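Colleague: need a 3D model of the sequence below.
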Amino acid sequence: MQSIQDKVNKLTRLPSPSQRAPDLASGRVRLYQDFNWNSNNTEINIHDGYSQKSRHRVDQRLFDKASWIAFNLPVGTVLTFMDHLPSVPASGKYADLSDAGRTLDLIGTGQTEGVDLDRLQMNDKISQFFWRTVDLNQGAIELFDDQDFTNNRVTIFLSEWAPKTLHTMDRWWINDRTTSLRWKSLDRESVELFDNPDGRGESFNRIMGGGETREVRKLQDFGFNDRITAFRWSNIKPIYEVVQPVVIAETDQDVDQSIYEEIWAKNLGDEQALVAIKFAKEYTISITTTVRDTYATGVAAEYSVSGKAGIGIVEATVGWKVAVKFDYEHETSKSTSVTTTLTVGIDHSIMVPARSKKLVYVTIHRSKVNSKTYTTKAERWYNERLTGSHQSNRDGQELWKRDETVQITVDGGLQGKTEIVLGETKPL
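Modeller: Coordinates of the predicted model:
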C-alpha cells in the first residue's frame, strides 16, 4: 500500500520558475506580481483568520496581478486558487468548482515550492481561494487541458466526493476540455468518466488503482478528447480478508483503581493447617475500539480475555485480545464499544498456626488501558490485481492477495493483577 507521502510524490508537480523559490514557513503562500522573487508580493498565512473550506478573496494589492507563487503547505493540505469569485454552490460542496473559471491546486509537500502561473494560463488570474485538509488515502485523478499532462489542470481528490454517486462538472472550466489524464495515486479505487452530465452515453472506464496503466497522454487515442463532463468513483472491495487481532500487554496498562479486601483466615484445630481463603467480586469494564481504515464503512469488534485471569490466581496478569471485522456495505460507526462484567478474586490456601487467625490483605488492581494505536496485519483477497498483490487461490477462486496494515486504537478498563499480603496472627 502507498503511504501518504508516496501518493503526494506521484501527483504531477506544478511548473516552477527557473529561479528557486525563497524558503517560507509552513502554512504560508506568497503571491508575486512579476516574474521574479523580488517583485511586489503579498503573503497568505492559512492559520491567520482563514477558515477551512470557506471562500476568501485575494488581497487587493495582488488581485488578478500574480505571476509567480511560492508556497509551503503541510502534507495533506491543499489550497485552491480560482480565476472568478463564485460563492459556495447551493449543494454545499466546498470542492465544487462551478463558475470558478480556471483553477490551481497547491498540494502540500512539506517543503517550499514555486509555481509559474504563466505556464498554467493563470497569469494575472488569481482572485479567490479556499484551503482544507484532504484525506489523501483515497488518492486523486488529474485532468489536464492539454496533451502530455500540460497546461491548466484540475485535481479531483476522491475523499471530497461521495462514492457511487454521479458528480457533474458541466459548469467547471475543465468541462469538455480534458485532453490527458493521470491517476497514479489511486490504490483500491476505480473511477468512471462520462460524456454527459446525467451519466448517459459513452464513458471512459479504464481508471483503476491496480492496473499497470496509470495515465493517458492523449484521450484522442481513445475517442474521448474534450468530452469529460461527469465522474463517479467506487472502492475496490476485498472478497475475503483475515485481520490479525491485537493483544494488549501489561506494559500498555496503568493502574486505575483497586478492589481491596481484608480477610481473617481461622484455624480452630490443635495443629497448624492450610486454611482456604475465598473472595470474589464482580465489576464492569468498558473497552472502546476505533479503526482507521479508509475503505471500511463500519467496524465490529470481538473481545476476549487471555492469559491468567479470574479466581485462584495470585499476582496474575491479564491480556486483552481485540479482533475486528470490517463492514464495506453499510454506513456504521468506525468506533465500537463493549461493556462486560468480570468476576475476579481468589480461592487460595495459607498456613495458619493452631487455634489462631491470620489477617490476609487482598488487592486486585484494575488497570486502565493507555490509549494507544496498534498496527496489525490484514490479509486481503481481491478480484482485481492491485499494486503489491500476487495471485492466490482461495476457496477454488483465482484471486489477487495482498498483505496490508490496519491501525486499531484501544481505550478502556481491564483487570490487572491480584496481590496477597499476609498480616498479623492472633490467638483465638
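Colleague: can you pull out the residues in contact with stretch 139-149?
Modeller: Residues external to stretch 139-149 that are found in contact with it (CB atoms under 8 Å, 6 or more residues apart in numbering): 7, 11-12, 121, 150-158, 174, 177-183, 185-187, 189, 191, 207, 209, 215, 217-218, 220, 228, 231. C-beta here means a position set from N, CA and C on the backbone, and glycine is covered the same way.
Colleague: and the buried ones among those residues, selectable in ChimeraX?
Modeller: Applying 16 or more other CB atoms under 10 Å to the contacts of stretch 139-149, the buried members can be selected in ChimeraX as follows:
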select :7,11,151,152,153,154,155,156,157,158,174,177,178,179,180,181,182,183,185,186,187,189,191,207,209,228,231
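Colleague: can you tell me which of the contacts of stretch 139-149 are in strands?
Modeller: Judged by DSSP state E, strands contain the following of the contacts of stretch 139-149: 150-157, 180-182, 189, 191, 207, 215, 231.
Colleague: closest to residue 270 among those residues?
Modeller: Nearest to residue 270, judged by CB to CB, of the ones in strands among the contacts of stretch 139-149 is residue 189 at 81.7 Å.
Colleague: surely residue 37 meets residue 21?
Modeller: Yes. With contact defined as CB atoms under 8 Å, residue 37 counts as touching residue 21 (6.8 Å).
Colleague: of those two, who's got more company?
Modeller: Legend: neighbour count by other CB atoms under 10 Å for residue 37 and residue 21, higher for residue 21 (20 against 16).
Colleague: now do the more buried one, the pLDDT please.
Modeller: Here, the pLDDT recorded for residue 21 equals 97.
Colleague: can you report phi and psi for the nearest residue to it once chain neighbours are set aside?
Modeller: Using CB to CB, 6 or more residues apart in numbering and skipping the chain neighbours, the partner closest in space to residue 21 is residue 114 (3.3 Å). Dihedral pair for residue 114: phi -120, psi 150, per degrees, to the nearest 10.
Colleague: ok, now which ones touch residue 114?
Modeller: Residue 114 is in contact with 16-17, 19-21, 68-70, counting by CB under 8 Å, 6+ apart.
Colleague: and residue 240, by the same measure?
Modeller: With contact taken as CB under 8 Å, 6+ apart, residue 240 is in contact with 380-381, 394-395, 399.
Colleague: do the same with residue 12
Modeller: 142, 149, 153, 182.
Colleague: related to what we said a few turns ago, most neighbours out of the contacts of residue 114, which is it?
Modeller: Using other CB under 10 Å as the neighbour criterion, residue 69 leads the contacts of residue 114 with 28 neighbours.
Colleague: residue 115: which element?
Modeller: strand 113-116 (DSSP states H and E).
Colleague: give the partner strands of that strand in its sheet and their orientations.
Modeller: Partners of strand 113-116 in the sheet, by DSSP bridges, are strand 68-72 (antiparallel).
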